[in-house]
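K.L.:
just the structure for this:
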Amino acid sequence: MAPVDEPELSPSDNNGNGIGGGLDDPNYDPYHHSEPDPGSIPLSAYRMITFLAIIWIVTLFVTLTLVLESRWVHSNGWVSIPLPHILYVNTAILLLSSLTIERSRFSLRAKGNKHCTRWIFVTLLLGIAFLGGQVVAWRELSFRGLHFASNPGSFFFYLITGAHGLHFLGGIIALTSVGLFVSRLRQKVKKQTAIDVVALYWHFMNGLWFYLLALLLITVQQ
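P.N.:
Prediction:
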């Protein structure tokens, strides 16, 4: 029987996996793999972590609200406390910071890293100003003789604003990290995801503050 001629393989077919792009292929890259890097974290994971953090924070402040409402309704020793006026300035600062962080997101899409980073650090300055304003509010109450354990109203004021300030500080740390490292990320989708995730948390904390201020006006200040 005459031997059957086997088909000749082209260089692009001789890579050992039947896909193409062998050793003689000028586009062959021995370090390139079509599969995702098992050590990398999917972008969706960052969004999921942010959503879980938001759910946890909502649960915490719903619990504090219920405890505050119960104590406010049933306490005979409740003392009304005029809220420091700096809180309204702080609210305006947060509203402005929501605008600046949106500017950073828009700048990344339209103008690139430089303009984005600039707006990120403007937002950071506003966030630090907000925390500084909260410290001024606490000092004002302290000068009035209203300390943490002076009465139920002052107790909940320090507890609620302190808990919010602590979680807001986490947003400042995250935004600082994005501002420092956004220019080092090679893929634009990763840059956009980083700023989008932090912006989501930032807007949430700002919206939470508006709710907490209304709650303090109704209960603590009456």
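K.L.:
all helices for the protein, in order.
P.N.:
43-74, 86-110, 113-143, 152-181, 188-216 (DSSP state H).
K.L.:
what residues sit buried inside the third one?
P.N.:
Translated: helix 113-143. 116-120, 122-124, 126-127, 129-131, 133-134, 137-138, 141 (16 or more other C-beta atoms under 10 Å). For every residue, glycine as well, the C-beta is placed using N, CA and C.
K.L.:
state the distance from T59 to A53.
P.N.:
11 Å (C-beta to C-beta, to the nearest Å).
K.L.:
same drill for those two, tell me which one is more crowded.
P.N.:
A53 (16 against 10; other C-beta atoms under 10 Å).
K.L.:
for that one, give me the pLDDT.
P.N.:
pLDDT for A53: 93.
K.L.:
just W209 next, same as before
P.N.:
97.
K.L.:
same deal with the one 10 residues further on?
P.N.:
What the model reports as pLDDT for T219 is 88.
K.L.:
tell me, how many residues neighbour the nearest residue to it once chain neighbours are set aside?
P.N.:
Sequence neighbours aside, W72 is the residue nearest to T219 in space, at 4.6 Å (criterion: C-beta to C-beta, 6 or more residues apart in numbering). Using other C-beta under 10 Å, W72 has 17 other residues around it.
K.L.:
surely W72 is in contact with W78?
P.N.:
Yes: using C-beta atoms under 8 Å, W72 makes contact with W78 at a distance of 6.1 Å.
K.L.:
which residues are in contact with each of those two?
P.N.:
Counting by C-beta atoms under 8 Å, 6 or more residues apart in numbering, the residues touching both W72 and W78 are P152.
K.L.:
residues near P152, how many?
P.N.:
18.
K.L.:
tell me the spacing between it and W78.
P.N.:
Taking C-beta to C-beta, one finds P152 at 6 Å from W78.
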